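**Q** please work out how this folds:
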Amino acid sequence: MLDDLGIGFASICFLFGTVLLFVAVSQPSRDQTLTVVGGAFLLSLGVVAVWRVLANKLKWWRDYKKYRERID
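**A** Residues are numbered from 1 along each chain as shown. Next up is the predicted model:
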């Protein structure tokens with residue numbers, strides 16, 4: 001359940017971060033620096049969320065394989 005929420009959260013962060021970076025680069029303005037920093041922050045938050053979810057899935061998969069080997 002939490003892994004599904006993590007993937008959704010990471011997808012939203014990726015999307016908003018990408019949009020903010022694209023807007024900041026394509027339309028120079030006074031707020032360009034803040035937009036770039038905000039986009040980079042959301043993009044990196046999405047990467048960290050995906051990394052944690054995948055690490056959790058990998059740990060679960062390894063434990064599951066150990067359990068299945070012990071039963072067989």
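
**Q** for the lengthiest helix in the chain, packing partners?
**A** In the chain, taking DSSP state H as the definition, the longest helix is helix 32-71. Contact here means 3 or more CB pairs under 8 Å, 6 or more residues apart in numbering; DSSP states H and E; on that basis helix 32-71 packs against helix 2-26. Backbone N, C-alpha and C define where each C-beta goes, glycine included.

**Q** now the helix it packs on and helix 32-71, what's the angle there?
**A** Angle, helix 2-26 to helix 32-71, by axes from the mean of the first three to the mean of the last three CA atoms, to 10 degrees: 150 degrees.

**Q** tell me the mean pLDDT over stretch 27-45?
**A** Averaged across stretch 27-45, pLDDT comes to 87.

**Q** run through who's touching that stretch.
**A** 13-14, 16-25 (CB atoms under 8 Å, 6 or more residues apart in numbering).
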